[in-house]
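In: Got a sequence here, can you build the structure:
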Amino acid sequence: MTGSTLALKIVHRLMYENDAFSKWMNLRIDDVGPGRCTVSMEIRPEMLNGFKICHGGVTFSIADSAFAFASNSHGIQAVSIETSISHIKMVHPGDIITATATEQSLSQKLAIYHVDLTNQLGEKVALFKGTVYRTGKEWEL
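Out: A predicted model of the protein is given here:
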């Protein structure tokens with residue numbers, strides 16, 4: 001099985017199908033492959049904070065899902081051990097946010113990912129960094 005086929009099966013069949021939160025967000029998986037994943041979604045009114053802009057937890061969650069999918073795409077179960085996000089531009093209701101996770105470093109036990117979040121105009125709205133622990137346990141297809 002190719003790396004891309006493996007990544008697709010893990011992310012779509014084993015992860016997303018059991019991910020109630022990503023489904024609640026109406027997260028779309030746009031692209032996935034070994035060590036990478038791109039997801040997108042529209043910001044809805046119930047996702048706004050008291051300033052009438054997107055709650056930071058929502059953009060964090062979009063990035064976190066892309067990060068999780070990318071980090072598990074090699075076939076080894078990986079769990080988050082450290083994450084951070086910088087919000088650099090306001091996000092409004094109706095904005096389409098795209099999160100692109102890319103692998104920066106991969107070892108036997110640890111991997112690091114960067115996730116760029118952009119709006120429908122291609123403007124960066126947030127930058128996310130995450131580290132995972134790779135458990136050594138293979139995903140069962």
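
In: name the helices or strands packed onto whichever strand in the chain runs longest?
Out: Determined from DSSP state E, the single longest strand within the chain is strand 124-138. Contact analysis of strand 124-138 by 3 or more CB pairs under 8 Å, 6 or more residues apart in numbering; DSSP states H and E lists helix 56-72, strand 76-87, strand 110-118 as its packing neighbours. All C-beta spots, glycine's among them, are computed from the backbone N, C-alpha and C.

In: mind listing what that strand pairs with, with the direction of each?
Out: Using DSSP bridges, the strands paired with strand 124-138 are strand 76-87 (antiparallel), strand 110-118 (antiparallel).

In: Figure out which of those is closest to Trp139.
Out: strand 76-87 (6.1 Å; CB to CB).

In: For stretch 91-109, buried residues please.
Out: Neighbour-count burial for stretch 91-109, with 16 or more other CB atoms under 10 Å as criterion, is recorded at Val91, Asp95, Ile97, Thr98, Ala99, Thr100, Ala101, Glu103, Leu106.

In: element containing the fifth one?
Out: The secondary structure element spanning Ala99 is strand 96-106 (assigned by DSSP states H and E).

In: tell me the pLDDT at Glu17?
Out: We have a pLDDT of 95 for Glu17.

In: Quick one: classify it as helix, strand or coil.
Out: helix (DSSP: H, G, I helix; E, B strand; the rest coil).

In: which stretches of this protein have low pLDDT?
Out: Residue ranges of the chain with pLDDT under 70: none are present.

In: picking up where we left off before, would you turn the helices and strands packed on strand 124-138 into a markdown table with distance to Met25?
Out: What follows is the helices and strands packed on strand 124-138, written out as a markdown table (distance: least, CB to CB, whole Å):
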| stretch | distance to Met25 |
| --- | --- |
| helix 56-72 | 7 |
| strand 76-87 | 16 |
| strand 110-118 | 13 |
